[in-house]
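Visitor: structure of the sequence below:
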Amino acid sequence: MTEPLPPGLMISAPASGTGKTTVMLGLLRALAEDGLVVQPFKSGPDYIDPAFHRAACGRASFNLDTWSMGPDLFGAIAAQAKGADICVAEGSMGLFDGVATRGLSGFGASAETAARMGWPIVLVLDVGGQAQSAAATALGFASYDPGCRVAGVILNRVASPRHERLTRLGMERAGLPVLGALPRRGDLALPERHLGLIQAVEHPDLEAAIAGYAAFLRAHVDLAALRALVKNAAAVGAGGLPRPPAQRIALAQDAAFSFTYPHVLTGWQQAGAEIMPFSPLADEAPDPNADLVWLPGGYPELHAGRIASADRFLSGLRAHAQTRPVHGECGGYMVLGAGLVDKEGTRHAMAGLLGLVTSYATRKLHLGYRRAVLDGPMPGHATGACLRGHEFHYSTILEQPDPPLAHVADADGAAVPETGSRRGHVTGTFFHLIAAEAP
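Guide: Okay, here's the model as predicted:
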């Protein structure tokens, strides 16, 4: 059975750092201001951008990912657009950037998401330092994959009217419509930290920033022409979202614990689970009536001293773990361990429910898709289950004395050392769970 979905398009770019997030947020707000119900999506496993999308248009944003999601889950997430007037998706990295699993170039790329959904692509081009040559880049992207349609371009960081005229001449020769030209402005960049953008809740004045992006787009982009490009989405199967791992789930939620995929929480809630939020940074203990405590990822390395001194939180967590399950992802996993070394080299005692000791002083990038086969059970999944997720952090494991939770590999099948841990009722992983593979 298939479900008709609203028409849509994808905002993408040749590379990261070209300004597509600014365009995305400005477009979401401008369309919402025009009275449209806008459904945002993020292609790929990014867990920060969806919160910015929601702030821009008032509707929850969801990740779509062709590597980690089977057709049923992909379709179930796409179906969250029902009731919207238009879908707008933001790509990740460059349009064709993905993994090379099974020798396929770009597996998991934004181009695959756009092709599966039948969305045309609007390419945001940073034309700084070039003029007509930008058209060669755009033409290459337009012709690289016949399954994708680059329907137009937005020129970003245009230096002058002459620069814009020359760049437009190149695009005319390439046969690519120019939907707008954004002048170079240094005040439009969103604040960043080591995992990308700061979190939406931490932005000092997010509402003013997004309103500014929308006004900027209205002044320099032909929004009517852009809206005319949208295409009806391809029909997708009516699958299901992830089932909850327990009925009553105490979920850590604050500036240190915020990286949860929207489709996961939505699936839990739609299935009737009770989400019981609490803040470790406010020294709140998990609800004693919870069946499960779930610590998501975030930035505990920036708050290690506060977490170490949060006695009510740590005591409540330890009490829960004596009889009921506790699970942590990435930052949450680190907090379940014995110690966390911050960037200054100071070691802070954590919950001690696992023997894990991690260091943010000894920094190394760990990034990529993960496929895990469980050596033991974890909440919601039995031993032997195959899980897909994504890992993105800079912390290094100093000690990991507990049994591994899983055999973990990257997207190409190469083993990775971050296997997760298990001890009693407590489990943790460095990867963020996206989906379980169908049996």
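
Visitor: isn't there a helix covering residue 79?
Guide: Yes. With DSSP: H, G, I helix; E, B strand; the rest coil as the criterion, residue 79 is located in a helix.

Visitor: count of neighbours near it?
Guide: Other residues lying near residue 79 total 19 when counted by other CB atoms under 10 Å. Where C-beta positions appear, they are placed from N, C-alpha and C, glycine not excepted.

Visitor: cool, residue 207 as well?
Guide: If we define neighbours as other CB under 10 Å, then residue 207 has 11 of them.

Visitor: any idea of the mean pLDDT for stretch 288-307?
Guide: Across stretch 288-307, the average pLDDT comes to 96.

Visitor: can you give me the buried ones in it?
Guide: If you call a residue buried by 16 or more other CB atoms under 10 Å, then stretch 288-307 has these buried ones: 290-304, 306-307.

Visitor: over to stretch 171-185?
Guide: 171, 174, 176, 178-183.

Visitor: also stretch 74-93?
Guide: Buried positions in stretch 74-93, judged by neighbour count with 16+ other CB under 10 Å: 74-81, 84-93.

Visitor: with stretch 245-262 instead?
Guide: For stretch 245-262, by 16+ other CB under 10 Å, it's 245-246, 249-262.

Visitor: any idea which of the residues you listed is the one closest to residue 406?
Guide: residue 245 (15.5 Å; CB to CB).

Visitor: what residues does the nearest residue to the closest one once chain neighbours are set aside make contact with?
Guide: Nearest residue to residue 245 in three dimensions, chain neighbours excluded: residue 380, at 2.9 Å (CB to CB, 6 or more residues apart in numbering). Contacts for residue 380 were tallied using CB atoms under 8 Å, 6 or more residues apart in numbering; they are 242-246.

Visitor: swap in residue 399?
Guide: So residue 399 contacts 338, 355-357 (CB under 8 Å, 6+ apart).

Visitor: tell me the contacts of residue 230?
Guide: Counted by CB under 8 Å, 6+ apart, residue 230 has contacts 7-9, 86-87, 119-120.

Visitor: wasn't residue 39 part of a helix?
Guide: No. Residue 39 is assigned strand when assessed by three-state DSSP, not a helix.

Visitor: sketch out the low-pLDDT regions of this protein for me.
Guide: For the chain, the stretches with pLDDT under 70 are 1-3, 100-106, 186-203, 237-238.

Visitor: mind checking the SS state of the residue of the chain positioned farthest from its centre?
Guide: Computed with CA atoms, centre = their mean, the residue of the chain farthest from its C-alpha average is residue 162, at 37.8 Å. Of the three states, residue 162 takes helix according to three-state DSSP.

Visitor: thinking residue 262 is in contact with residue 63, fair?
Guide: Yes. The pair residue 262 / residue 63 is scored as a contact, 7.1 Å apart, by CB atoms under 8 Å.

Visitor: mind listing the shared neighbours of those two?
Guide: Residues touching both residue 262 and residue 63 (CB under 8 Å, 6+ apart): residue 50.

Visitor: re the thing from before, just the ones of the buried residues of stretch 245-262 in strands?
Guide: In strands, defined here by DSSP state E, the members of the buried residues of stretch 245-262 are 249-252.

Visitor: need the max-distance pair from those residues.
Guide: Greatest spatial distance among these (CB to CB): 249 and 252, at 10.5 Å.

Visitor: picking up where we left off before, quick one: which of the contacts of residue 230 is nearest residue 423?
Guide: Closest approach to residue 423 among these (CB to CB): residue 87, at 43.6 Å.

Visitor: and for the closest residue to that closest one other than its chain neighbours, the neighbour number?
Guide: Leaving aside its chain neighbours, residue 87 sits nearest to residue 8 (2.9 Å; criterion: CB to CB, 6+ apart). The number of residues packed near residue 8 is 27, by other CB under 10 Å.

Visitor: right, and residue 8 touches residue 119 too?
Guide: Yes. Taking CB under 8 Å as the definition, residue 8 is a contact partner of residue 119 at 5.0 Å.

Visitor: shared neighbours of those two, anything?
Guide: Counting by CB under 8 Å, 6+ apart, the residues touching both residue 8 and residue 119 are 87, 89, 230-231, 233.

Visitor: any chance of JSON lines for those residues, columns distance to residue 50 and secondary structure?
Guide: Shown next, in JSON lines, are the shared contacts of residue 8 and residue 119 (distance: CB to CB, whole Å; DSSP: H, G, I helix; E, B strand; the rest coil):
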{"residue": "87", "distance to residue 50": "14", "secondary structure": "strand"}
{"residue": "89", "distance to residue 50": "11", "secondary structure": "strand"}
{"residue": "230", "distance to residue 50": "21", "secondary structure": "coil"}
{"residue": "231", "distance to residue 50": "23", "secondary structure": "strand"}
{"residue": "233", "distance to residue 50": "19", "secondary structure": "coil"}
